[in-house]
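>>> Let's see this in three dimensions:
(one chain, ligands or ions: 1)
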Amino acid sequence: MFDYSISTNCLAQKIILVTGAGDGIGRTAALTYAKLGATVILLGKTVKKLEAVYDEIIAQGSAEPAIIPLDLKGATKQHYLDMSATIVEQFGKLDGALLNASMLGDLTPFTQINEKTWDDVMQVNSTSQFLMTQALIPALLKSEIASLVFTTSTVGHQGRAFWGAYSVSKFAIEGMMQVIADEYENSSLRTNAINPGATRTKMRASAYPAEDQEKLATTEQIMPLYVYLMAEDSKSVNGKVLNAQ
Ligand code: NDP
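Residues are numbered from 1 along each chain as shown. Sure, this is the predicted structure:
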C-alpha cells in the first residue's frame, strides 16, 4: 500500500467534491474525507446511494455534506457550469476534486466493440471529466491550495486485449491530467491521477466475475493515497500517476 500516515483533522476546513460518491471507492473516499474534517460534496448517479452516504456522514458526526445527483452520461457543459457556480456561491471555493466515477462498458475483442458502448464509455470516463474540470478550475483557483485528482487504471498506461473503450478512456484521463498539470504548474492548483489497483468493488467483480473478492484490497485499505493527495503534505506533487497499492 502507498505509505502515508494519516493525521486526525488533516482535511479540516476543506471543501472536497467526490464523483461516484455513492458506491465503491468514491463512497469510502467521501466518508474518509468527511471523517478527517472536510465538507464533502457528493456527486453521483443514484440518488438513494448518495442519500445513504449522506446519512452515514451525519451519523459519524462529520460536517453536513452536499448532494449533487448527476448522470455524467447526459450532463452538458451547462450542468457543470451551474454546479461550479453553486459550489462557489455556497462555499466560496473548492479545495479538492476527486474525479472517481467511471463505467467499465463491455470487455470484448476490439473488432466487436459496439459503437454505442464506445460513445457511452468515452462520454462518462473522458468527455464528462473534461467538461467538469473546465467548469471547476475557476472554483479550485479560489482556494489557496487546491488538488485535482483524476482516476486512472493500469490499462490507462498499458493497453490490454479486450479492455477496448475503457482502456482508451483512461489513456485520455492520463493525458488530460498531464496537460492541466503542465498548464497550472506555477499556480496554487496541483493535478495528479490515482491508479487504485485491484480493489474489492462492483466494477472489479464485473470485470473479473470468477475472482475471489476476499483476496482483493478493500476500499478502506487504499485510502492513504486518496488522503495524501488531498492533504497539504502533497502540495508540491504535480503531474504524477500514483499507485494506491
Ligand atoms: P464502482 O462501479 O464500484 O463505482 C463507480 C461509481 O461511479 C458509482 O458510484 C457509480 O454510481 C458512479 N458512476 C458510474 N457511472 C456514472 C454516471 N454515468 N454518472 C455518475 N456517476 C456514475 O467502481 P469503483 O469504485 O471500482 O471504481 C472507482 C474508480 O476507480 C473508477 O474510475 C474506476 O475506473 C477506477 N478503478 C477501479 C479499480 C478497481 O479494482 N475497483 C481498478 C482500477 C481503476 P452508481 O452506483 O449510482 O451507478
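
>>> ranges for the helices of the protein?
Secondary structure of the chain (DSSP state H): helices at 24-35, 47-59, 77-91, 115-122, 128-140, 164-183, 202-207, 223-230.

>>> Could you list the residues in contact with the last one?
Put plainly, it is helix 223-230. Contact with helix 223-230 is made by 1-6, 10-11, 14, 16, 25, 28-29, 32-33, 36, 38, 95-96, 98, 147, 149, 192, 194, 234, 237, 242-244, as judged by Cβ atoms under 8 Å, 6 or more residues apart in numbering. Any C-beta I mention is one placed from the backbone N, CA and C, and that applies to glycine too.

>>> Of these, grab the buried ones for ChimeraX.
Here is the ChimeraX selection string for the buried members of these, based on 16 or more other Cβ atoms under 10 Å:
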select :2,4,6,10,11,14,16,25,28,29,32,33,36,38,95,96,98,147,149,192,194,234,242,244
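
>>> so which of the contacts of helix 223-230 are also by the ligand?
Intersecting those with the surroundings of the ligand, defined as Cβ under 6 Å from any ligand atom, gives residue 25.

>>> from the contacts of helix 223-230, which ones fall inside strands?
Of these, the ones assigned to strands by DSSP state E are 16, 96, 98, 147, 149, 192, 194, 242-243.

>>> OK, now which residue of the chain is nearest to the ligand?
At 2.3 Å from the ligand, residue 24 is the closest residue in the chain, using Cβ to the nearest ligand atom.

>>> Got the confidence number for that residue?
Per-residue pLDDT puts residue 24 at 98.

>>> cool, residue 83 as well?
97.

>>> Pretty sure it sits against residue 135.
Yes. The pair residue 83 / residue 135 is scored as a contact, 6.8 Å apart, by Cβ atoms under 8 Å.

>>> in terms of contact, does residue 130 touch residue 176 like I think?
Yes. Residue 130 is in contact with residue 176 according to Cβ under 8 Å; the separation is 6.3 Å.

>>> what does the protein have sitting close to the ligand?
20, 22-26, 44-46, 49, 71-73, 100-103, 124, 151, 153, 196, 198-199, 201-204.

>>> hmm, which of the residues you listed are the buried ones?
20, 22-26, 44-45, 49, 72, 100-103, 124, 151, 153, 196, 198-199, 201, 203-204.

>>> In strands, which of those residues fall?
Among those, the members found in strands (DSSP E) are 44, 151.

>>> most tightly surrounded among the helices of the chain?
Stretch with highest mean neighbour count among these: helix 24-35 (a mean of 25; mean count of other Cβ atoms under 10 Å).

>>> ok, and what's touching that helix?
Contacts with helix 24-35, where a contact means Cβ under 8 Å, 6+ apart, come from 11, 14, 16, 18-21, 40, 42, 44, 49, 53, 56-57, 60, 62-63, 65, 96, 98, 100-101, 151, 196, 199, 201-203, 219-220, 222-223, 226-227, 230.

>>> shaky segments in this protein?
Applying pLDDT under 70 to the chain flags no residue at all.

>>> Report the separation between residue 214 and residue 221.
From residue 214 across to residue 221, the span is 13 Å (Cβ to Cβ, to the nearest Å).

>>> Of the two, which one has the most company?
A count of neighbours by other Cβ atoms under 10 Å puts residue 221 above the other of residue 214 and residue 221, at 14 against 7.

>>> And the more buried one, how far from residue 233?
Counting by Cβ to Cβ, the gap from residue 221 to residue 233 is 19 Å.

>>> repeat for residue 90
Look at residue 90 and residue 233: by Cβ to Cβ, they are 27 Å apart.

>>> For residue 217, which residues are in contact?
1, 197-200, 244-245.

>>> Can you tell me which of the residues you listed comes closest to residue 113?
residue 198 (23.4 Å; Cβ to Cβ).

>>> From residue 132, how far out is the closest one?
Residue 198 sits at a distance of 26 Å from residue 132 (criterion: Cβ to Cβ).
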